[in-house]
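Asker: sharing a model that was predicted from the sequence below.
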Amino acid sequence: MSEKYAAIVDMVKSLEEDVEKFYVKGNSMAGTRLRKGLNQLKVLAKEMRDDIQDVKSQKKSDKE
């Protein structure tokens, strides 16, 4: 398993408390933290997507 995937999983788990605080308890600061965390998650996901594409391209060039 890649390190980036593990970081994404950890990030999602860390956001769980703020999800509950925002949606269940109505805490607006939790919403701010949640939006910030989701933005960081988007960055990690983009990095992982780029890594996947690099690996696929490398495998394709190795076959040629």
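Answerer: Looks like it came in fine.

Asker: C-alpha only now, for contacts and for neighbours.
Answerer: OK.

Asker: what is the burial count for L34?
Answerer: 20 (other Cα atoms under 10 Å).

Asker: thought it was touching L15?
Answerer: Yes: under the criterion of Cα atoms under 8 Å, L34 makes contact with L15 at 6.3 Å.

Asker: helix/strand/coil for G26?
Answerer: When classified by DSSP: H, G, I helix; E, B strand; the rest coil, G26 comes out as coil.

Asker: run through who's touching stretch 28-45.
Answerer: Here stretch 28-45 makes contact (Cα atoms under 8 Å, 6 or more residues apart in numbering) with K4, A7, I8, M11, V12, L15, D18, V19, K21, F22.

Asker: going through the residues you listed, which ones are buried?
Answerer: Buried residues within those, counting neighbours by 16 or more other Cα atoms under 10 Å: I8, M11, L15, D18, V19, K21, F22.

Asker: return the closest of these with respect to D54.
Answerer: D54 has its nearest neighbour among those in I8, at 18.8 Å by Cα to Cα.

Asker: what's the spacing between the closest one and A30?
Answerer: Using Cα to Cα, to the nearest Å, I8 is found at 19 Å from A30.

Asker: gap between stretch 47-64 and the chain center?
Answerer: Chain-centre distance of stretch 47-64: 20 Å, with Cα atoms, centre = their mean, to the nearest Å.

Asker: again, but for stretch 43-58
Answerer: Between the centre of stretch 43-58 and the centre of its chain there are 13 Å (Cα atoms, centre = their mean).

Asker: could you give me the buried positions within that stretch?
Answerer: Neighbour counts over stretch 43-58 (16+ other Cα under 10 Å) mark L44, A45, M48 as buried.
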